[in-house]
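Participant: okay, predicted coordinates and the sequence, questions at the end:
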Amino acid sequence: MSTPARPELTGGRRIGVLVQHGFTGNPVSMRPWAEDLAARGYAVEMPLLPGHGTRWQDLNKVTWADWVATVEGALDKLSSENDAVVAVGLSMGGALCLRLAADHGEDLAGIVVVNPAVDTLRKDVKLLPLLKHVLPGMPGIANDIKKPGADEHGYPTTPLRAAASMFAGYADLRRDLPRIAVPVLFFRSAEDHVVDIASSRALHAGLSSTDFEERVLEDSYHVATLDHDAPRILAESAEFIERVTAQQQG
């Protein structure tokens, strides 16, 4: 999804928003959010990450670096065409937004992350560098959604080579969290069966941003963008985007 800015709806300024889905997912999980942002007049770029939206086996052919390059390309496009840019993301998409904030903070007015993955309490993750040579995949993580009938249409299998690359990327990101000084709005589901409390702890301990707020979602699981709290995410993120882009003006 790629839509142009409508400055007549945003006080005459062109505001861009990068919208990023997560690991083994696709833009379905973010489409309602992206469409809401576009309706508010924001330019929206919602890239499909390499290896996603086809077959799960394709994910084992790409790496964290490929996903970072994709979001960097989307950020470059938005930055060149707009007066201010915000990045929003779910799960690994949130981690990619944090990566952008660490490396290209000067190009971002702020970021919004929903259940971002940057760390885990799971001990078996340490076995991924070995397991990836033995098993192509494990049971998937898609559709951790409390709302009945919601479906993100994610892969049914977690590809282990891709997962190993992702967790290596998270380790690098954790070391660079102190480089993030842009405003951050962080939504966290109280009950999440994919991303555990280690990620929240890492953000609180590592971020340098003085404009950082965590808001707990009480009625959603991991894919909160399609869950009961989605309307709250849309409304509160819109308020955040309006505030931080106004602050960046001039």
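Facilitator: Thanks, I have it.
Participant: what about the strands in this protein?
Facilitator: 2-3, 15-20, 43-45, 84-90, 110-114, 137-139, 157-159, 184-189, 212-217 (DSSP state E).
Participant: counting by contacts, list what the shortest one packs against.
Facilitator: The criterion is 3 or more CB pairs under 8 Å, 6 or more residues apart in numbering; DSSP states H and E, and the helices and strands that strand 2-3 contacts are strand 43-45. (C-beta placed from N, C-alpha, C; glycine too.)
Participant: name the residue most distant from the centre of the protein?
Facilitator: V134 (29.5 Å; CA atoms, centre = their mean).
Participant: so how far is A164 from that one?
Facilitator: 12 Å (CB to CB, to the nearest Å).
Participant: what about the helices in the chain?
Facilitator: For the chain, the helices defined by DSSP state H cover 31-39, 56-59, 64-81, 92-103, 128-131, 160-176, 197-206, 230-248.
Participant: E8: which of those helices is closest?
Facilitator: helix 31-39 (13.0 Å; CB to CB).
Participant: list the buried residues in that closest one.
Facilitator: R31, W33, A34, E35, D36, L37, A38 (16 or more other CB atoms under 10 Å).
Participant: show me the shaky parts of the chain.
Facilitator: Across the chain, the ranges flagged by pLDDT under 70 are 127, 130-131, 249-250.
Participant: one more time with 90
Facilitator: 121-139, 247-250 (pLDDT under 90).
Participant: quick check: the gap between the residue nearest to V112 when sequence neighbours are not counted and E239.
Facilitator: Leaving aside its chain neighbours, V112 sits nearest to V88 (4.1 Å; criterion: CB to CB, 6 or more residues apart in numbering). Using CB to CB, we find V88 at a distance of 13 Å from E239.
Participant: picking up where we left off before, take the strands of the chain and write them to CSV, including mean neighbour count.
Facilitator: Output for these, formatted as CSV (neighbours: other CB atoms under 10 Å):
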stretch, mean neighbour count
strand 2-3, 16
strand 15-20, 28
strand 43-45, 24
strand 84-90, 29
strand 110-114, 28
strand 137-139, 14
strand 157-159, 22
strand 184-189, 23
strand 212-217, 15
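Participant: closest one to L98 among these?
Facilitator: Nearest to L98 among the strands of the chain is strand 110-114; the distance by CB to CB comes to 6.6 Å.
Participant: so that closest one versus strand 15-20, what angle?
Facilitator: Interaxial angle of strand 110-114 relative to strand 15-20 (axes from the mean of the first three to the mean of the last three CA atoms, to 10 degrees): 30 degrees.
Participant: distance between strand 110-114 and the chain's centre?
Facilitator: On the basis of CA atoms, centre = their mean, to the nearest Å, strand 110-114 sits 7 Å off its chain's mean C-alpha point.
Participant: what do you get for stretch 221-239?
Facilitator: 13 Å.
Participant: just to revisit the earlier point, can you pull the phi/psi pair for the residue farthest from the centre of the chain?
Facilitator: phi -110, psi -40 (degrees, to the nearest 10).
Participant: do you know how far it is from A171?
Facilitator: Counting by CB to CB, the gap from V134 to A171 is 22 Å.
Participant: hmm, G16 is touching S80, no?
Facilitator: No. Under the criterion of CB atoms under 8 Å, G16 is not in contact with S80, lying 9.4 Å apart.
Participant: so what sits against both of those two?
Facilitator: Counting by CB atoms under 8 Å, 6 or more residues apart in numbering, no residue touches both G16 and S80.
Participant: out of the buried residues of helix 31-39, which is nearest to F187?
Facilitator: W33 (11.1 Å).
Participant: what sits against the nearest residue to the closest one once chain neighbours are set aside?
Facilitator: Leaving aside its sequence neighbours, W33 sits nearest to T225 (CB to CB, 6+ apart; 5.5 Å). Going by CB under 8 Å, 6+ apart, T225 touches S29, M30, P32, W33, L90, V114, I233.
Participant: this completes my enquiry, with thanks.
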